[in-house]
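A.B. asks: Return atomic coordinates for the entry below.
(2 chains)
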Amino acid sequence: MTDWNAISDVEFRKEVRQFFEAEYPEELRHLPHRPKFAEIEHWHRKLHAKGWVAPAWPAEFGGMGLNAAKLLIFYEEQQRWGVNRGRDMGVQMVGPLIIKFGTQEQKDYWLPRILSCEDIWCQGYSEPGAGSDLANLRTRAEIDGDDFVINGQKIWTTMAHDATHIFMLVRTDPDAPKKQQGISFLLAPMNQPGVDVRTITTLSGETEFCEVFFDNARTPRENLVGELNKGWTMAKALLSFERIFIGSPSLAQNALGQLESFARGRGAFDDPVFRDRFAQAALDVEDHAALYARFADQLKRGETLGADVSMLKIWVTECFQRITELMIEAAGPDGGSIGPLQVGNVSVDVLSSFYKARPTTIYGGSNEIQRNILSKAVLGLPG
Amino acid sequence: MTQTDILSSEQEDLRLLRESARTLFERAGGSDRARKLRDAGGGFDAEMVRELAEAGVFGVAVPEDQGGLGMGLAAGGVIAEEVGRVIAPEPVVLTIGLSLGLLRRLCPAHPKMAQLIGGEISLAVAWQERGPDGALADATCRYADGKLTGGKAWVVGAIGSLGFLVVAEGDDGPVLVLAEADADGLVIDKRAQADGSSLGELSFSGTPAVELASGGAVPTALAEAVADATALAAAELVGLSERAFEITLDYIKTREQFDKPIGSFQVIQHRAVDLNVICEVAQAGVREALAQMDSETDPKVRAPIASRAKARAVTAAKRITRDAIQLHGAVGYTDEFDIGLYLNRALVLSAWLGDDAYHRRIWFEAREAEGAAQ
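C.D. replies: Next comes the predicted model:
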């Protein structure tokens, strides 16, 4: 087994790049939508055969065992080539959860099935009354013999209609003194009579979000991960790497590249006002990348990131939105047109970029919530 | 030694430099000193200049074989940030970036080098000229037979300097000359600046001056020195912004209205966070730019990096100091509170060597030129 961390960053980047460029199917590059598993299955098989499905997992569980520095390189190359992340909820969330808090039986059973995509996972966190205030969740799970019985509703469940399993936060002790207490982590099969999935059509016309209704759905008691009523702390522990990843410059960088080629083709750079706004956006991206590098260096030195890493997400998502808004401006009278716009030999889907940028300030903890966190945890402001 | 070791030992050097500069300024009285000097009529403290020189401040970016510390522009930036934090009026960026930046490139053996590094003197640099409409104009100031004729504008450090490094047109092209401050036929008009400092407008009528360098090397060295000073001014603005934000943060934690600290209100908290993020992005961007300038030798590459730094720093400093006044409320509008000193200094530093809109244009034009060349 290769010890990836032992080779130089430059060599590693080269190897990852070569693999993506040689093996990733051209027609799947920069997919504008989230694919169903069937659409990317042939790519997943290649990745699985290579042993690269789970870059962050320790090698003993079938992962690549990458350290933080190598992991960032892996993701950078993935994004650079427009490689779809695939149906990676299992790899990104469930695997780390089980590795950290699961029993030996859970590891033996679930981890190989995640790697092979025999099970496809979706994440059941948000509820109609529990978005930013996630700890307010009400979906109940009660012990009944050897099972938990689940009742309630999840929402914004990405790709639930193409998932075989859900990992969810549920309320197991409604009488706990604080709402963060009394929450547990459960794994549950989707294919059963008590589970009903309905897709939600988004502003862009996609149906990647779902509502999931639980009406006396059941899951075996051994599908509780970690201790009963300790789910909240576990969910928070899972977010550490996600917090820098969600603030990575790549989305804004890609959008800026698209904006530039589109604007050039459309002659928008003849306008000095547009030139200045483009320069502002480009410098916003460049200086954000400098701040990102500072946090990435911290990770590379083996330090733990503080709450201040949230500022990356605030800056880059708002910058991403401004860039896509400039694209619409550059499109002029085509600014309301659905589908790709042809400019010379480039084609840019202006509206799809615009729509893609909107939820980035809402998901992963809305930017307002991020500001609350920074205000208290970093600036030490009261109340 | 691995690359990481070298990097971290460099970082360690910069950290030590920052600590010693901060201690020195704090011991001297921090921003209170800036207020006292302003109230005393502007200018700076010659004793402080000597103390800074003893700490190696002025020679920080001068190569070791020319009598400096050879620590590069990144180290100059560390010092400039500390200058900005206490809004010190001493000519630090002027000396590191402009006067020593010019001399070390054009006449490194000149005795004035050692005097500048030693803090014995300071020299202002005069190269820009004002046209009849008051805006920047092509240079017409002449140097012939050892004498200067014409004028120069926007001269920072004109008061308190021993003399002027003047870029003029000689008989065979551009020259760099040195004119003493008390030379015959030199009239210095002062124009008061928001922070209590003055900009000099110089007019020469047959003013005696000594030639230091001539030819095409002069405009090249000038452009390089201006790029260095531009990036260092950006670092000074970063330090200034950081401190202005800290002062404001302390204020909103203690000022009470409706029986609560105003910093407990969410609208105030979110504004404070925005300023904090702006400040951190500026710090990261400017520090990265200075480090890149140290590893680049091509002036065509270095200049737009300096522009990137100044554009970012000015945008950040303007927003932070202006919002800082708003967050202080009415007392922010008084001269008594220090936050106003930061606003005023930011105004002056932003206008000096080009503001954010100017530098975005320069940066963009360089990017286009590079794209066209490829």
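
A.B. asks: For the lowest-mean-pLDDT helix or strand in chain B, which residues meet the burial criterion?
C.D. replies: Sorting the helices and strands of chain B by mean pLDDT, DSSP states H and E puts helix B:3-27 at the bottom, at a mean of 83. Within helix B:3-27, the residues scored as buried using 16 or more other Cβ atoms under 10 Å in any protein chain shown are B:10, B:14, B:17, B:18, B:21, B:22, B:24, B:25. The way it works is simple: take the backbone N, C-alpha and C, and place the C-beta from them, glycine included.

A.B. asks: quick one: that helix to chain centroid distance?
C.D. replies: The chain centre lies 20 Å from the centre of helix B:3-27; the measure is Cα atoms, centre = their mean, to the nearest Å.

A.B. asks: could you list every residue that touches the nearest residue to residue A:344 once chain neighbours are set aside?
C.D. replies: In space, and not counting its chain neighbours, residue A:344 is closest to residue A:265: 4.7 Å by Cβ to Cβ, 6 or more residues apart in numbering or on different chains. The contact partners of residue A:265, by Cβ atoms under 8 Å, 6 or more residues apart in numbering or on different chains, come to A:343, A:344, A:346.

A.B. asks: what helix or strand is residue A:265 on?
C.D. replies: helix A:250-266 (DSSP states H and E).

A.B. asks: just checking, what packs against whichever helix or strand comes after that helix?
C.D. replies: Later in the chain than helix A:250-266, the nearest helix or strand by DSSP H and E is helix A:272-300. Contacts defined by 3 or more Cβ pairs under 8 Å, 6 or more residues apart in numbering or on different chains; DSSP states H and E place helix A:272-300 against helix A:68-80, helix A:242-245, helix A:250-266, helix A:310-331, helix B:266-295, helix B:299-328, helix B:356-373.

A.B. asks: circling back: tell me the angle of the least confident helix or strand of chain B relative to helix A:272-300?
C.D. replies: Relative orientation of helix B:3-27 versus helix A:272-300 (axes from the mean of the first three to the mean of the last three Cα atoms, to 10 degrees): 110 degrees.

A.B. asks: relative to helix B:266-295, how tilted is helix B:3-27?
C.D. replies: Between the axes of helix B:3-27 and helix B:266-295, defined by the same axes, to 10 degrees, the angle is 120 degrees.

A.B. asks: if I pick the spatially most central residue of chain B, what's in contact with it?
C.D. replies: For chain B, the residue nearest the mean C-alpha position is residue B:233 (3.3 Å; Cα atoms, centre = their mean). Going by Cβ under 8 Å, 6+ apart, residue B:233 touches B:80, B:93, B:97, B:310, B:313, B:349, B:352, B:353.

A.B. asks: Save these as JSON lines, and put in pLDDT and secondary structure too.
C.D. replies: Listed next are the contacts of residue B:233 as JSON lines, based on pLDDT from 0 to 100; DSSP: H, G, I helix; E, B strand; the rest coil:
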{"residue": "B:80", "pLDDT": "98", "secondary structure": "helix"}
{"residue": "B:93", "pLDDT": "98", "secondary structure": "helix"}
{"residue": "B:97", "pLDDT": "98", "secondary structure": "helix"}
{"residue": "B:310", "pLDDT": "98", "secondary structure": "helix"}
{"residue": "B:313", "pLDDT": "98", "secondary structure": "helix"}
{"residue": "B:349", "pLDDT": "98", "secondary structure": "helix"}
{"residue": "B:352", "pLDDT": "97", "secondary structure": "coil"}
{"residue": "B:353", "pLDDT": "97", "secondary structure": "coil"}
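
A.B. asks: Check what contacts stretch A:331-339 and list those residues.
C.D. replies: By Cβ under 8 Å, 6+ apart, stretch A:331-339 touches A:205, A:262, A:266, A:328, A:329, A:341, A:349, A:350, A:351.

A.B. asks: any idea how far the residue nearest to the third one when sequence neighbours are not counted lies from residue B:353?
C.D. replies: Using Cβ to Cβ, 6+ apart and skipping the chain neighbours, the partner closest in space to residue A:266 is residue A:330 (5.4 Å). Counting by Cβ to Cβ, to the nearest Å, the gap from residue A:330 to residue B:353 is 32 Å.
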